[in-house]
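1. no FASTA, just this:
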């Protein structure tokens, strides 16, 4: 008998084969849902609408401080990105290096400790000695006003100055005007894309910095996992089927690029894409977007440490605390 499953994920090229039905979940009668904003999937996950759902790492981890955490994670990482490129500065604020952020007012997208923010605050602390309590923080939307996400816990550690932007304000406009000095955001400020001279990236050569970071650490930062209710996580065969399906959908996307290299990726609209592909393949390997705990333990444990150090988790969790037990050997 098949198990009915409500599954939600953002539409990435590595989830398309699931969402369009090319890859089934064995032993399940799965219905799939997506959204134009991935945060809408997170909100509906928090409200209990799904059996299997993409969930931001910090959103997922914050539930572990509830009286009873409702979720465990499959070692599937549908969203990951290097995040030095996600730090923006006002060009008149005198910020040339990370240490210059001390004493400054920094905007952060959506909440104190969104996934890129956790990564960059952790990197700033590890590599530059800059802790979050040395700056002031303003939370909001980058290009559009964003209300407080009151459907998820919002811990703020003692001694850290955090406020939400006023109604109608955007962090991008505040950065351009100099009301805030810097910004950590998953979204790029629209005015930077439009060529404003008042906003720049903290790391202008961010690709070089991020490639060096990977060479030194082996970390390709993960932003999201796939969450399941704890009671469903007890069904080991079903969890294995879900995991295999996500892996197969990802492999279809990766194989498209491997095969495309033979014809110099003539189906891709971006010039010189083959050169970029070869650079990435040489650095990241044949499976450049790995799933499974074995390939991601250091990534996860680093994020878990950052989350605890930044006051977002009461306890220092381990990979074993958060991953579905039957998939710990993946």
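-> Great, that's in hand. Just so it is clear, the structure is predicted and the values come from calculations on it, not from any experiment.
2. what are the boundaries of the strands in the chain?
-> Ranges of strands in the chain, per DSSP state E, are 3-8, 28-33, 52-56, 71-74, 87-90, 105-109, 136-140, 161-164, 182-184, 199-201, 224-229.
3. and the longest helix seen in the chain, how far out from the chain's middle?
-> If you go by DSSP state H, the chain has its longest helix at helix 236-260. Relative to the centre of its chain, helix 236-260 is centred 20 Å away, using CA atoms, centre = their mean, to the nearest Å.
4. quick one: mean pLDDT over it.
-> Mean pLDDT, helix 236-260: 98.
5. got a list of contacts for it?
-> 3, 5, 7, 12-18, 22-28, 52, 74-76, 78, 226, 228, 232-233, 265-268, 277, 286-289, 291, 324, 326-327, 330 (CB atoms under 8 Å, 6 or more residues apart in numbering). (Glycine included, C-beta is placed from N, CA and C.)
6. just the buried members of those residues?
-> Listed as buried from the contacts of helix 236-260 are 5, 7, 12, 14-18, 23, 25, 27-28, 52, 74-76, 78, 226, 228, 232-233, 265, 277, 289, 291, 324, 326-327, 330; burial here means 16 or more other CB atoms under 10 Å.
7. list the contacts for residue 84?
-> Applying CB under 8 Å, 6+ apart, the residues contacting residue 84 are 120, 123, 202-203, 206, 209-210, 213.
8. write the PyMOL selection for whichever of the residues you listed are buried.
-> In PyMOL, this line selects whichever of the contacts of residue 84 come out buried by 16+ other CB under 10 Å:
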select buried, resi 120+123+202+203+206+210+213
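9. make JSON lines out of the contacts of residue 84 and add pLDDT and distance to residue 153.
-> Putting these into JSON lines (pLDDT from 0 to 100; distance: CB to CB, whole Å) gives the following:
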{"residue": "120", "pLDDT": "98", "distance to residue 153": "21"}
{"residue": "123", "pLDDT": "98", "distance to residue 153": "24"}
{"residue": "202", "pLDDT": "98", "distance to residue 153": "29"}
{"residue": "203", "pLDDT": "98", "distance to residue 153": "31"}
{"residue": "206", "pLDDT": "98", "distance to residue 153": "31"}
{"residue": "209", "pLDDT": "98", "distance to residue 153": "32"}
{"residue": "210", "pLDDT": "98", "distance to residue 153": "30"}
{"residue": "213", "pLDDT": "98", "distance to residue 153": "30"}
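10. from the contacts of residue 84, which is closest to residue 42?
-> When the contacts of residue 84 are compared for distance to residue 42 (CB to CB), residue 120 wins out at 19.8 Å.
11. my guess is that closest one contacts residue 186. True?
-> No: the criterion here is CB atoms under 8 Å, and residue 120 misses it with residue 186 at 10.9 Å.
12. what do those two both touch?
-> Common neighbours of residue 120 and residue 186 (CB under 8 Å, 6+ apart) are residue 86.
13. now do the residue nearest the centre of the chain against residue 268, distance only.
-> Nearest to the geometric centre of the chain sits residue 223, at 2.0 Å (CA atoms, centre = their mean). Using CB to CB, to the nearest Å, residue 223 is found at 24 Å from residue 268.
14. quick one: the helices in the stretch 1-150 of the chain, in order.
-> In the stretch 1-150 of the chain, the helices defined using DSSP state H, counting those that start in this stretch lie at 16-19, 38-46, 57-62, 115-128.
15. can you list the ones you listed in CSV and add distance to residue 163?
-> What follows is the helices of the stretch 1-150 of the chain, written out as CSV (distance: least, CB to CB, whole Å):
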stretch, distance to residue 163
helix 16-19, 38
helix 38-46, 20
helix 57-62, 19
helix 115-128, 15
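16. just name the most buried of these.
-> Highest mean neighbour count among the helices of the stretch 1-150 of the chain (mean count of other CB atoms under 10 Å): helix 57-62, with a mean of 26.
17. wait, doesn't residue 50 sit right on residue 30?
-> No: between residue 50 and residue 30 there is no contact under CB under 8 Å: 10.9 Å.
18. now do the contacts for residue 59.
-> Residue 59 neighbours (CB under 8 Å, 6+ apart): 42, 45-46, 152.
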